[in-house]
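*Asks:* no sequence on hand, only this structure:
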Ligand code: GDP
Ligand code: ZN
C-alpha cells in the first residue's frame, strides 16, 4: 500500500538560493581589519546545508511514514530528550560515530533508524562536528536521537550533492608557507573564496617565517589586511606567532587547510605538544599522496576550541562557484563592477571595464587580478 506524503528534499545545487551575507563589502569599505577585535568579527551565517530544502509530495509506503523534515528531523515526532545527553561528533565511521559528551566522556553511537532514512547514501546523516543528542546505553555506547541544525559547514561536491566534510566550523585556517613550498597567493585566494562561500571566517597563517626575511613580505600582509583578512606570520621552528595562533584556535571550531608540507601538523604540535600529529618529511612536498590523516577527526584542545585537519579539507574544491560568480568573492572589485560598460563584463577582454581601469591605476593589486584570471579561466594552480 502506498499513500502521498509531504517530504523535504534537498535542492540540487543549481537551485540553491544564495544565502551569504553581504557584509564583506561593508567591511572592506569600512577599512575594518578582521581579527583586531574578535567580537566585531562575528558574522551572520547561513543556516547551512540542512536549510536548503523544499517540500514535495512523494509516494511512500506505509512503513516509512515516520520520517520528518530534514530541517529538523525530529520536528514531526515526539522525541523525549530527557534521558539524552548532548555531545559533539568527533569521528564518523560509516553509521557509527564517536561522540564526546559535555563532560568529556566518549561514546560510540549508532544512529536512530529514522535518521538513517533521511540520508541519501548514508554518508551525511551525521557529520564530524555535528552537535547531537544521544541516548546513552551501557558504559560507553549510545544512540543518536537528534542532530542540531548545522551552520558553517565545509563541504565538497559529491555526486552533484553537497557532502558535509565538517559541520559547525567557525573558522578556516588557510595555512601557507613563506618558502618550502613557495608562497602561492592564487592558492590562498582560492581558499578564501571557499571560506567565504562556506560562510566560514578565514584566517591566513603564513608559516616557516624563519626561512625568509619578513620585511620582504610586508606587502602581502598589507594586501590581505586591506581586504579585511587577518594574517598571522608563524614559525613552528622559532615559535613566532604561536601565541596568537593559540588564541585563535581557542575560539570555537577551526578547520585547517593548505597544501601538504606547509607545516599544519607541526604548528598544531607546537600549540599542543600532546597531540603528536605525524609530521611529514621535507621530501614529501611534491608527493600528492602524502596524507597522514586519513579521515576527518575533531580534536579537542586542552585550552578550549576544536580543530579539524583532514585530507578532504586540504584539497577541498571550489565546488559550485561558476566563473561569472567569482567577481563577488573578490571583494575589492565590487565598488568598480557597477561602472563597467557591460553588465555581464568578465573584466578580462571587454572595453570600458572599470575593474581593469582600477587595476591600471593600482587600486587593485596585480596579484589579486592574476588570481581572478587563473580561477576564471580555470587554470590549475601549482601545488593543489
Ligand atoms: P603538513 O603537511 O602541512 O602537516 O606539514 P608538516 O607539519 O608535516 O611539515 C612539513 C615539513 O616542514 C616538516 O619537515 C617540518 O619539519 C617542516 N616545518 C614545519 N614548520 C616549519 C617551520 O616553521 N620552519 C621550518 N623551517 N620548517 C618547518
Ligand atoms: Zn569589467
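*Replies:* Yes, it's here. Here the structure is a predicted model, which is why all the values come from computation and not from measurement. Numbers count the residues shown, from 1 in each chain. Ligands and ions are numbered 1, 2, ... in the order given.
*Asks:* and stretch 210-229, which residues are buried?
*Replies:* 212, 217, 220-221, 223-225, 227-229 (16 or more other CB atoms under 10 Å). Yep, even glycine has a C-beta here, placed from its N, CA and C like the rest.
*Asks:* can you list which of these are found in strands?
*Replies:* Secondary structure from DSSP state E places none of these in strands.
*Asks:* from the residues you listed, pick the one nearest ligand 2.
*Replies:* Ranked by distance to ligand 2 (CB to the ion), these are led by residue 227 at 18.9 Å.
*Asks:* how far away is that closest one from residue 87?
*Replies:* 37 Å (CB to CB, to the nearest Å).
*Asks:* swap in residue 340?
*Replies:* 51 Å.
*Asks:* and residue 106, by the same measure?
*Replies:* In this view, residue 106 and residue 87 are 9 Å apart by CB to CB.
*Asks:* and this structure, which of its residues are near ligand 1?
*Replies:* Selection of the chain residues close to ligand 1 by CB under 6 Å from any ligand atom yields 207-208, 210-211, 235-237, 260-266, 279-280, 282.
*Asks:* I figured residue 340 was touching residue 354, is that so?
*Replies:* Yes: counting by CB atoms under 8 Å, residue 340 does reach residue 354; the two are 4.8 Å apart.
*Asks:* look at the two and report which has more neighbours.
*Replies:* residue 340 (21 against 18; other CB atoms under 10 Å).
*Asks:* sort out for me which of the residues of the chain next to ligand 1 are in strands.
*Replies:* Mapping the residues of the chain next to ligand 1 onto strands (DSSP E) picks out residue 207.
*Asks:* also near ligand 2: which of the residues of the chain next to ligand 1, exactly?
*Replies:* When the residues of the chain next to ligand 1 are filtered against ligand 2 using CB under 5 Å from the ion, no residues are retained.
*Asks:* residue 206 - how many residues pack around it?
*Replies:* 26.
*Asks:* returning to that earlier point: overlap in contacts of residue 106 and residue 87?
*Replies:* 99-100 (CB atoms under 8 Å, 6 or more residues apart in numbering).
*Asks:* which one of the two is surrounded by more residues?
*Replies:* Using other CB under 10 Å, the more surrounded residue of residue 106 and residue 87 is residue 87, with 26 against 13.
*Asks:* that's a strand at the more buried one, yeah?
*Replies:* Yes: applying DSSP: H, G, I helix; E, B strand; the rest coil, one finds residue 87 inside a strand.
*Asks:* report the beta-bridge partner residues of it.
*Replies:* Residue 87 has these beta-bridge partners by DSSP bridges: residue 101, residue 132.
*Asks:* wait, doesn't it sit right on residue 101?
*Replies:* Yes: contact criterion CB under 8 Å: residue 87 and residue 101 qualify, at 4.5 Å.
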